[in-house]
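[1] structure for this input, please:
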Amino acid sequence: MQVTETTNKGLKRAYKIVVPAADIEVKINDRLAQIAQTANMPGFRPGKVPVSLLKKTHGQAIMGEVLEMTVGESSQQTIAKKELRPVAQPKIEIDKFDEGGDLEYSIELEVFPEIELTDFSKLKLERLKVPANEEQVDEIISQMADGQKDSKPVEKNRPIASGDVAIIDFTGSVDGEEFAGGKAEDYGLEIGSGSFIPGFEEQIIGKEVGDELEVKVTFPEQYAEELAGKDAVFVVKIKELRETIPATLDDAFAQKMGAENLDDLKAKLRENQEAELAQYSRMRVKRDLLDVLDEKHEFDLPEGMIESEFDAVWHQFEHQRKDHPEQIDEDDKNKSDDELKEEYREISARRVRLGLLLAEIGRINEITVTPEEVNRAIMQEAQQHKGQEKEVFEHYKNNPEAMQAIQSPLLEDKVVDYILELASVVEKTVTLEELMADPEKPEKPAKKAKSSAKKKAPAKKKTTAKKKAATKKEDDK
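    Numbers count the residues shown, from 1 in each chain. Model (predicted):
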């Protein structure tokens, strides 16, 4: 085998590889001999089919098989001999291959950059901590009680007020025609709950049992397409009035909520609150750590990886812009595609930089993800798809890319934990607002130009203080 280096520039490498025809012929004959041991053809006993006949009937298929095997083996030998560390699957192109002739092909790849790691013990970080808030626990219990409240008939007829439950029949129409889902009987509507179309409940206030009225409303723009923005008229008959009875906050109520008693319920809610706050605290310190790592490490980045990452990021942005334009930041709407692409390319470079850096830290320190950890993560994923657990496991088992997608964040978290153990991390008690405020700021996308690109991550759950978690401009890489 002859290997000639054709490119050695930065992280790019390219080679021209020639495998002699004699070597290929040996492989073909070896494969034919292997097949001949079990071949079965009319006129011949099993295993007695002449190799020459097999070559005539199966030659093309075997040649293709041998070609694929030869390219795979010789390319891996070249990578090993040259002591290369490819960052992605090499690009291979067959230049010449004729029966009886040499195999000539080219291989192009980008190698892992040389990374000089900083001294993690010198890193200084803050871990923001928010103490549990008893008022918030009480507020959650109060909200739970609202969901468990009962109602009783009003003994003496009176005008309907906010907080009452009106039992009504209604029929809705648009342009004089009834529409699907716009009719119901004996419907219990809690006035002031906001569960109906805006403006509907307010027109019930002050009415009494026995009243029949027309309620005129306009469907919101963000509604079912066939009704969005249209004016509607509901013919409403008020049949009964009930007043709500708040749930009693006692041990019996707590038991309905799955706790032993009221104190146990508060303890469980407090524990959940602390766990949720700890999760946000970790997200914050992890992001701060990644910013520091990005600042302290400078090395060449594989252009192919950046382009691949950018293509994925831009595709996601275009999908969001087309299907969910309301989620696009107003600043981005006023920018040209060229401006946006520049910003997203910077974000892609940051992701690639941090991905390679964390991978190198893991490699050097022999940090790995165990099969048990992977199985646990897959099980957690499967639990979110009730009745499809088997399909989820099969998906990961038969899809290497999906398996890699679930392993990568596990490894990343273990590397982050490793660095945080070495770094100087000081706890700082802050308010919930201070903990949640910083993620609203744009994340630094790259070293050279601090981008303000607005790529949103999936929205997180509400905190126990009912404040929405701010979505970041990109994920944690």
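[2] and this structure, split by domain according to the record?
    Annotated domains of the chain cover 2-110, 120-130+258-440, 150-245 [automatic domain parsing].
[3] what pLDDT, on average, does the shortest one get?
    Here domain 150-245 scores 91 as its mean pLDDT.
[4] cool, and stretch 311-329?
    What stretch 311-329 shows for mean pLDDT is 89.
[5] just stretch 67-86 next, same as before
    pLDDT averaged over stretch 67-86 gives 94.
[6] what's stretch 19-28 in contact with?
    By CB atoms under 8 Å, 6 or more residues apart in numbering, the surrounding residues in contact with stretch 19-28 are 1, 55, 59, 62-63, 66-67, 69-70, 74, 100-104. The C-beta positions use only the backbone N, C-alpha and C, and glycine is treated the same way.
[7] kindly apply the preceding question to stretch 180-196 instead.
    Residues contacting stretch 180-196 (CB under 8 Å, 6+ apart): 151, 160-173, 201, 204-205, 232, 234, 239, 242, 244.
[8] this protein: helices as residue ranges?
    In the chain, the helices defined using DSSP state H lie at 21-36, 51-81, 134-147, 251-256, 262-296, 303-323, 330-333, 337-364, 371-383, 389-398, 400-422, 432-437.
[9] coming back round to it: whichever of the contacts of stretch 180-196 end up buried, select them in PyMOL.
    In PyMOL, selecting the buried portion of these, with burial taken from 16 or more other CB atoms under 10 Å, looks like this:
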select buried, resi 160+164+165+166+167+168+170+172+201+204+232+234+242
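[10] taking the contacts of stretch 180-196 one by one, which sit in strands?
    151, 165-173, 232, 234, 239, 242, 244 (DSSP state E).
[11] returning to that earlier point: looking at the helices of the chain, which is buried most?
    Each of those was scored by mean neighbour count; the highest is helix 337-364, a mean of 19, by mean count of other CB atoms under 10 Å.
[12] now the angle from it to helix 262-296?
    Here the directions of helix 337-364 and helix 262-296 differ by 100 degrees (axes from the mean of the first three to the mean of the last three CA atoms, to 10 degrees).
[13] same for helix 337-364, what does it pack against?
    Packing partners of helix 337-364 (3 or more CB pairs under 8 Å, 6 or more residues apart in numbering; DSSP states H and E): helix 262-296, helix 303-323, helix 400-422.
[14] got a list of contacts for the last one?
    Translated: helix 400-422. Around helix 400-422, the neighbours that count as contacts under CB under 8 Å, 6+ apart are 120-121, 123, 125, 285-286, 289, 293, 358-359, 361-362, 365, 367-369, 373-374, 377-378, 381, 395-397, 477.
[15] gap between it and the chain center?
    In terms of CA atoms, centre = their mean, to the nearest Å, the centre of helix 400-422 is found 14 Å from the chain centre.
[16] same deal with the shortest one?
    Once both centres are worked out by CA atoms, centre = their mean, helix 303-323 turns out to sit 14 Å from its chain's centre.
[17] ok, now stretch 428-441?
    Centre-to-centre, stretch 428-441 and its host chain are 23 Å apart (CA atoms, centre = their mean).
[18] also stretch 235-251?
    Put simply, stretch 235-251 sits 42 Å off its chain's centre (CA atoms, centre = their mean).
[19] residue contacts, Glu221?
    Glu221 makes contacts with 228-229, as judged by CB under 8 Å, 6+ apart.
[20] ditto for Val87
    11, 109-112, 302, 304-305, 356.
[21] that one and Val18, how far apart?
    The gap separating Val87 from Val18 is 26 Å, by CB to CB, to the nearest Å.
[22] cool, and Gly206?
    92 Å.
[23] leaving out the residues flanking it, which one is nearest to His58?
    Of all residues not flanking His58 in the chain, Ile35 sits nearest, at 6.9 Å (CB to CB, 6 or more residues apart in numbering).
[24] pLDDT value on the one you found, please?
    For Ile35, pLDDT reads 78.
[25] surely it and Leu54 touch.
    Yes. Between Ile35 and Leu54 there is a contact under CB atoms under 8 Å: 6.0 Å.
[26] show the contacting residues for the closest residue to Leu269 other than its chain neighbours.
    In this structure, Leu269 finds its nearest non-sequential neighbour in Val137, 5.0 Å apart by CB to CB, 6+ apart. Counting by CB under 8 Å, 6+ apart, Val137 touches 266, 269-270, 273, 464.
[27] which pair of the residues you listed spans the longest distance?
    The span of the contacts of Val137, defined through CB to CB, is set by Lys266 and Thr464 at 12.4 Å.
[28] gap between the closest residue to Glu381 other than its chain neighbours and Gly206?
    With CB to CB, 6+ apart as the criterion, Glu381 has its nearest non-adjacent residue at 5.9 Å, and that residue is Val392. The gap separating Val392 from Gly206 is 53 Å, by CB to CB.
[29] likewise Lys266?
    Lys266 sits 40 Å away from Gly206, going by CB to CB.
[30] swap in Glu326?
    Per CB to CB, Glu326 is found 35 Å from Gly206.
[31] same check on Glu68?
    81 Å.
[32] again with His395
    As for His395, its distance to Gly206 is 57 Å (criterion: CB to CB).
[33] can you check Ala14 too?
    Separation of Ala14 from Gly206 (CB to CB): 81 Å.
[34] and the two? which has more neighbours close in?
    Neighbours per residue, other CB atoms under 10 Å: of Ala14 and Gly206, the larger number sits with Ala14, 16 against 10.
[35] what bridges to that one?
    Thr7, Glu108 (DSSP bridges).
[36] right, and it touches Thr4 too?
    No. Ala14 lies out of contact with Thr4 (CB under 8 Å); the separation is 9.6 Å.
[37] and the ones in strands among the contacts of stretch 180-196, which two are furthest apart?
    The largest separation in the ones in strands among the contacts of stretch 180-196, counting by CB to CB, is between Ser173 and Thr244 at 30.6 Å.
[38] for Lys81, what are its contacts?
    Here Lys81 is in contact with Val3 (CB under 8 Å, 6+ apart).
[39] so what's the residue count around His385?
    So His385, with other CB under 10 Å, has 12 neighbours.
[40] I meant Glu212, not that one.
    Neighbours of Glu212 (other CB under 10 Å): 10.
[41] okay, stretch 146-164 in CSV with CA atoms only?
    Output of stretch 146-164 as CSV, limited to C-alpha atoms (Å, rounded to 0.1, in the frame of the first residue of the first chain):
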residue,chain,number,x,y,z
ASP,A,146,-58.2,26.1,45.0
GLY,A,147,-58.1,23.1,42.8
GLN,A,148,-59.9,21.0,45.4
LYS,A,149,-62.5,23.4,46.4
ASP,A,150,-66.2,22.3,46.3
SER,A,151,-69.4,24.2,45.6
LYS,A,152,-72.9,24.3,46.9
PRO,A,153,-76.2,25.7,45.6
VAL,A,154,-77.0,29.3,46.5
GLU,A,155,-80.1,29.1,48.6
LYS,A,156,-81.4,32.6,47.8
ASN,A,157,-81.3,33.8,44.3
ARG,A,158,-78.9,36.8,43.8
PRO,A,159,-76.8,38.4,41.0
ILE,A,160,-73.8,36.3,39.9
ALA,A,161,-70.4,37.5,41.2
SER,A,162,-66.8,36.6,40.5
GLY,A,163,-65.9,33.4,42.2
ASP,A,164,-69.4,31.8,41.7
